[in-house]
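**Student:** Starting from these lines, generate the structure:
(one chain, ligands or ions: 1)
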Amino acid sequence: MRNMRNNESSFSLLIRFIREALSEKKTLVVVIISIVGSAIANLASPYVLHIAIDNYIVPGKYGELWFVTLLYLLSLIGQWFFMTLQTYYTEVFGQGVLKRLRSKLHEKILISNLDFFKEKSTGDLVSRIINDTNIVNDVLVSGLLGGLGSLLSLAGIIIAMFLLDVKLTLVTLASVPLMVLVAYYFGGKMRRAYRETRQKIAKISSVVEESVAGIETIRAFGKERDVEREFSKVSLETIKAYLRVAVYMGVFWPLMNITSLLSVIAVIAYGGYLAYKGAVSIGVVVAFIQYAQRFRGPINNVVSMYDSLQSALAALERIYEILDDENVEDYNGINVERLNGEIEFRNVWFEYERGRPVLKDINLLIPSGSKVAIVGKTGAGKTTLANLIMRFYDPTKGDIFYDGIEGRKISRKSLRRRIGYVPQETYLFPGTIMENILMANPEAREEDVIRVCKELGIHEFIMKLPNGYKTSAGEAGKLLSLGERQLISLARALLKDPDIVILDEALSSVDPKTEQLVQNAMLKLMEGRTSIIIAHRLSITRFADKVIVVKDGRIIEEGPPKLLLEKKGYFYRLYTSQVQEV
Ligand SMILES: Nc1ncnc2c1ncn2[C@@H]1O[C@H](COP(=O)(O)OP(=O)(O)OP(=O)(O)O)[C@@H](O)[C@H]1O
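**Tutor:** Residues are numbered from 1 along each chain as shown. You can find the predicted model right below:
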């Protein structure tokens, strides 16, 4: 029962894929024409040979032989021409389907909400977009089309043989089951071994990736030898897998050859006997010898198609799982051009995972233009508050209002355009520092970037990098500390000229000079804007109008920093313990 349901769903997956692939109709028509052409041309040459022998050579009509010779040449040229056309256009078709599928997957990732990413790792997503689509292309597109050509060839050969001589055909076909068996058994082993080599190569690349990404941890714990041992082990397994492929290849192809030659032996023996009896002509026997040799490739193709289909369907399932995921961001809603910047949380509850509230009944009014510092121990829910303001997530219960408008009704895109968000960790995209800042505002020019950096007091710092604003981000990524990268993020935020600013302070301690730079830039960015600082170093709270103290997802204290300190409550204890630590 279960199997039946699986088969049904595999079938509907396949239908869905074929329907999508059919959108590349024009190329497909060329491919199909070339497949048919190729199959006919392939059939023609043995037939022409039979005509040449029986109608011209044996009766001694040498004068007219040139015409048949020309036909034979034409059939060979036809085979070459259609084969070239088929190979090239199958690739064009496959790449077209592949591009469509990959773009769809990539677009899906860009519009997915953050719940989507919780369940899927980066490696998994990359593998689905790169490897799974490749498998689908290799097997479903090239494989199915190739298989279709093979089926056509087989059918054509069998029909041509039947038309020439029924008895001889049956004798020739006697070795086909043996060929199928060899293709199924040894071919299957070979394909499985080949699949294994691909898995081993993927494993090698993941070991290398981990060695590079975790190099500091490996060094710190002196694990170099262990990692090396792991690498050697995987390398050895890869070699073994390749050698297995070599063994099966060595066994398989010669065996297929020999099996197909068995039918040739049968044709020679039985065909020779029939020819001696005068039941068939010499030309027919020669044509049969040629046809018998043409079974091998198509039979292997058809048998391997069934085998590979299983892995292709699994890949297709993984692809559609992503495409059908319903965790997408909804970009509809009111467009807000500008905001005054008043934010209000009304009875907001939030949970990332069902039944585990991270924010509990938050009521908070942030007046327009005010500066609010959010403090609390790690895991208290500070970043989550910022995530909700950005509408990365919506509250599980309750609402957030922006200038009195319910957040859920505002388009996410337009809201985010009005918010300058400086996360704890700055992500630098490939490109220069200039390009990395410019991305924040498509209308800004290079002069604007320089002006903004001067305003923030970080122009000098950027000019000291090896190539100033033209320093590549990859290079800068290695050169820059967390705090310095946050300076780039601050410039990005200011270039947007936002109405609301959210600053998540860099956690790791920054050297005093950079700390001063970051702080000054932060204060500059906050000027005249509603500002929310997630404060890790509590000294920065002195610039805030109001401090919000969060503990276990609830606001437990709230008020001007001075008053809160005088009150000697939770904030006072946090503050003094941090000052003592320093
Ligand atoms: N994507 C997520 N999925 C599930 N739980 C999450 C997720 N992000 C955060 N949490 C949980 O929510 C709680 C609040 O996290 P949050 O990041 O808001 O704390 P924080 O106060 O900002 O901490 P920190 O100072 O360490 O950044 C934590 O218990 C955390 O484990």
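**Student:** Where is the longest helix in the protein?
**Tutor:** helix 65-111 (DSSP state H).
**Student:** And Ile33, how far from Val549?
**Tutor:** As judged by C-beta to C-beta, to the nearest Å, Ile33 and Val549 stand 74 Å apart. (Each C-beta comes from the backbone N, C-alpha and C, glycine too.)
**Student:** Comparing those two, which residue is more hemmed in?
**Tutor:** Neighbour comparison, Ile33 and Val549: the larger count goes to Val549, with 23 against 14 (by other C-beta atoms under 10 Å).
**Student:** hmm, back to that, return the distance of the helix or strand following the longest helix of the chain from the chain's centre.
**Tutor:** With elements assigned by DSSP states H and E, the helix or strand that comes after helix 65-111 is helix 114-119. Between the centre of helix 114-119 and the centre of its host chain there is 15 Å, according to C-alpha atoms, centre = their mean, to the nearest Å.
**Student:** With stretch 177-195 instead?
**Tutor:** With C-alpha atoms, centre = their mean, you get 31 Å for stretch 177-195.
**Student:** one step back: show me what the longest helix of the chain packs onto, helices and strands only.
**Tutor:** When contacts are defined as 3 or more C-beta pairs under 8 Å, 6 or more residues apart in numbering; DSSP states H and E, helix 65-111 packs onto helix 2-21, helix 25-51, helix 133-135, helix 144-164, helix 296-323.
**Student:** Repeat the analysis, applying 7 Å as the threshold.
**Tutor:** Counting contacts by 3 or more C-beta pairs under 7 Å, 6 or more residues apart in numbering; DSSP states H and E, helix 65-111 packs against helix 25-51, helix 133-135, helix 296-323.
**Student:** the inter-axis angle of it versus helix 25-51?
**Tutor:** 160 degrees (axes from the mean of the first three to the mean of the last three C-alpha atoms, to 10 degrees).
**Student:** related to what we said a few turns ago, worst mean pLDDT among the helices and strands packed on helix 65-111?
**Tutor:** Mean pLDDT is lowest for helix 296-323 among these, at a mean of 84.
**Student:** In that one, which residues are buried?
**Tutor:** Using 16 or more other C-beta atoms under 10 Å as the burial criterion, the residues of helix 296-323 that qualify are 296-305, 307-309, 311-313, 315-316, 318-319, 322.
**Student:** wouldn't Leu85 be in contact with Ser34 here?
**Tutor:** Yes - with contact defined as C-beta atoms under 7 Å, Leu85 and Ser34 form a contacting pair (3.9 Å).
**Student:** higher neighbour count, these two?
**Tutor:** Ser34 (22 against 17).
**Student:** ok, now which ones touch that one?
**Tutor:** Contact partners of Ser34, counting by C-beta atoms under 7 Å, 6 or more residues apart in numbering, are 82, 85-86, 89.
**Student:** between the residues you listed, which has the most around it?
**Tutor:** That'd be Gln86 among the contacts of Ser34, by other C-beta under 10 Å, with 23 neighbours.
**Student:** and Val336, which of the three is it?
**Tutor:** coil (DSSP: H, G, I helix; E, B strand; the rest coil).
**Student:** Return the residues in contact with it.
**Tutor:** Applying C-beta under 7 Å, 6+ apart to Val336 gives the contacts 410, 414-415, 418.
**Student:** redo that, cut-off 10 Å
**Tutor:** Contacts were defined as C-beta atoms under 10 Å, 6 or more residues apart in numbering; by that measure Val336 touches 402-403, 405, 410-411, 414-415, 417-418, 499.
**Student:** show me the contacts for Glu321.
**Tutor:** Glu321 is in contact with 120, 128, counting by C-beta under 10 Å, 6+ apart.
**Student:** Can you give me the distance of it to the ligand?
**Tutor:** From Glu321 over to the ligand the distance is 20 Å, taken as C-beta to the nearest ligand atom, to the nearest Å.
**Student:** Let the chain start at 8 from now.
**Tutor:** Renumbered: residue one is now 8, and that last one reads Glu328.
**Student:** buried set for stretch 67-86?
**Tutor:** Judged by neighbour count (16+ other C-beta under 10 Å), stretch 67-86 contains these buried residues: 75, 78-79, 82, 85-86.
**Student:** Find the pair from the residues you listed with maximum spatial separation.
**Tutor:** Maximum pairwise distance among the buried residues of stretch 67-86 (C-beta to C-beta): 16.8 Å, between Val75 and Gln86.
**Student:** Any idea which residue is closest to the centre of this protein?
**Tutor:** The residue lying closest to the centre of the chain (C-alpha atoms, centre = their mean) is Ile136, at 2.1 Å.
**Student:** Name the SS class of that one, please.
**Tutor:** Taken by three-state DSSP, the conformation at Ile136 corresponds to helix.
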